[in-house]
Each structure stands twice: as C-alpha cells, then as structure tokens.
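[1] Provided below are the primary sequence and the corresponding predicted coordinates.
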Protein chains: 2
Amino acid sequence: MASTAPHDGAVIERLIEVSFRVSGLLTRIAAANDVSLTQLRLLAMLRETRPRMAVLADRLGLDRSTISGLIDRAVTRGLVERVGNPDDARVVHVALTDAGRQLADLLHHEMAGAVAEITGRLGGAERADLLYLLDRMLDDLAHP
Amino acid sequence: MASTAPHDGAVIERLIEVSFRVSGLLTRIAAANDVSLTQLRLLAMLRETRPRMAVLADRLGLDRSTISGLIDRAVTRGLVERVGNPDDARVVHVALTDAGRQLADLLHHEMAGAVAEITGRLGGAERADLLYLLDRMLDDLAHP
DNA sequence: TATTGTTATACTCTATAACTATA
DNA sequence: TATAGTTATAGAGTATAACAATA
C-alpha cells in the first residue's frame, strides 16, 4: 500500500500541527468576536445554506440535542432564527438574521486574512501546488 | 504583496476545510477513547516533554485556570501526575503515568492511521511536495 | 512586589435519555 | 410505528476575578 513511504510520519505530524494552528487561529478570531468556534462554524455554514436541524447536526458532527441548545443561544443573541417548513410541520430550518449575516461576513473576512498569513510567504507556484494537494485530500475524504 | 494571487481565496477555504476535517477525525478518535480533543492534545504534548503549568497554558492556548481543571481531571483518571520543582516551590510540572503513556501511544498510533487515510492516495512525489509546503507554513508561523 | 498556580463562579459545549408533536 | 426536534440532566471545557504561597 501507499502508506509505507519514508516521509509518511513527517507528513502526518505536520498536517496535524497545521490543523491545530489553523484551529487556534479560528478560535482566537471567534473569541475576539464573542462567539465560540462552534458558533463560528455554524455562521459560516449559514452564509450559504438554510439547513434544517438534522443537517446541521450531521455537518457539524454534533448530536441533535446539542444543536437545539446551540441554536437557542444564537437566537437569544439575535444571530439566527428558526423557520418552519410548510411541507412537514416537524421540520425546523435555521437562517441568519441581518445581524447574523453581518457578523458571519465579518468573521469570514477575518478568517481569510488570518489564513492568508499562513500561506503568505508561499510563491505563486507553491500556492498552486498547495491548492492541488488540498483538493486531492478533500476529494479522498468525500469519496473514501 | 504576495497575498493577491488569483487562487488565494480557494487555498484559504481548502485549508480551513482540511483543518476542520482533521479536527473532526481527531475528535472522533479522542471520543472513541473516552477523552476530549483537549485531553488528546495534552497527552500528545506529554509524550515528549514534562512541562510546567504555564507552558501547557501557552502551548494549548488556554488560561492557567483552565489548565488546573484539565490536569485535575486527568489526575483523577490516573493519566498524569503533578511533579514538584526543587528549584522553585511555586512551579508544578506535569508528567504521564504509565497508564497515561499507554493511552498516549495508542492515540498517536490511531491518529497516524487516520491522517494516513487523508494522504493515502497521494503519490510519493506529491507527499514530498506536501511535506515541503507544510514545513514552509509552520516555519512562517514560528517566525512571523 | 511580582510570579506561579489554585479556587470560586458563571457560562458554553456536549451527549444520553426521556419526551412531544407530526407523519 | 417512525421521524424531527426539544427538554432535563450531568459532566467537560473555558475565562475572569480573587486568592495563597513562594520568590
């Protein structure tokens, strides 16, 4: 199998380390804007979609009951709202409020700036290589 | 500056996505072994060093008071122990117990296996490229 | 006085189990 | 009966502020 190449262990350790660094950056950005990392992930998702509770649970990797509490707190803070589904009265969708969208956009901007500092000293060709490799890895995760 | 290259946004989004995926993998491995992601990071650090509380706080990006609680719970579970410092009675070091080292080694093994699945389909040359790029990024983070 | 670490407090995050409402 | 979501509960993680012990 492919996993016996000599530098495998080194690649793995660096990948974990970079992931921790990126998570740390994002946690700090979230904290500076008075939200948790989980709320940041939630807001990032809601910029593009208006999912129902079960989908949020699946995508964030959390239990449905956890999502209920998460959304409760976000509603209390005026960031999101619950929206009913006319086709199935059991279903609840979640959508950004105007204030929520404003914060989500701000967070996205700050995230991009922070991560740009990580990739900032790479040259154009290196960045292209990195993009290719990241896409390969994400592909593998999507189609295991 | 270098941060205006055309694919920058794409690189940033992929890097965040990969980081979330890796964090998700590690969280699942931690949960399967009945520890939190923070405990997993703690145990990973302690495999190589025997740091004092303030260093743990710094490296994990947490408040000292948070570390006190974290270590309390790890001590209760028999994973680590507090060790005094003869040169300065205020200082407390943290070290793995035998059981803690066993768990830390197991977690390390499982982490390596999981991350290997992410990098598994990359060829040898691609893996070498990835290692180079990850090192460049970690270097930049260390010497900003 | 300054530093190291702990404690008290309050809030968020998280899962399990039991529940309600709808299909 | 099965599914979507909520609530009750309990424990972990987290920071702020106040504190004790040591330097």
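    Cool, the structure landed. Numbering: from 1, shown residues only, chains lettered A, B, ... in the order given.
[2] what about stretch A:32-43 and DNA strand D, touching?
    No. Using Cβ under 7 Å from any atom of the strand, we find that stretch A:32-43 stays clear of DNA strand D, coming within 8.5 Å at best. Yep, even glycine has a C-beta here, placed from its N, CA and C like the rest.
[3] buried ones in that stretch?
    Using 16 or more other Cβ atoms under 10 Å in any protein chain shown as the test for burial, stretch A:32-43 gives A:Val35, A:Leu37, A:Thr38, A:Gln39, A:Leu40, A:Arg41, A:Leu42, A:Leu43.
[4] Please apply the same query to stretch A:100-119.
    Buried residues in stretch A:100-119 (16+ other Cβ under 10 Å): A:100-101, A:103-104, A:107-108, A:110-111, A:114-116, A:118-119.
[5] Tell me if it is near chain B.
    Yes. Stretch A:100-119 lies within reach of chain B by Cβ under 8 Å from any Cβ of the partner chain, at A:Met111, A:Ala112, A:Val115, A:Ala116, A:Glu117, A:Ile118, A:Thr119.
[6] got JSON lines for those, with secondary structure too?
    Putting the residues of stretch A:100-119 next to chain B into JSON lines (DSSP: H, G, I helix; E, B strand; the rest coil) gives the following:
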{"residue": "A:Met111", "secondary structure": "helix"}
{"residue": "A:Ala112", "secondary structure": "helix"}
{"residue": "A:Val115", "secondary structure": "helix"}
{"residue": "A:Ala116", "secondary structure": "helix"}
{"residue": "A:Glu117", "secondary structure": "helix"}
{"residue": "A:Ile118", "secondary structure": "helix"}
{"residue": "A:Thr119", "secondary structure": "helix"}
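[7] where exactly do the helices run in chain A?
    Applying DSSP state H to chain A gives helices spanning A:8-32, A:37-46, A:53-60, A:64-76, A:98-119, A:124-142.
[8] Tell me how many other residues crowd A:Leu70.
    By other Cβ atoms under 10 Å in any protein chain shown, 22 other residues sit near A:Leu70.
[9] That one against A:Leu62, yeah?
    Yes. Assessed by Cβ atoms under 8 Å, A:Leu70 is found in contact with A:Leu62 at 7.5 Å.
[10] tell me, what's touching those two both at once?
    A:Thr38 (Cβ atoms under 8 Å, 6 or more residues apart in numbering or on different chains).
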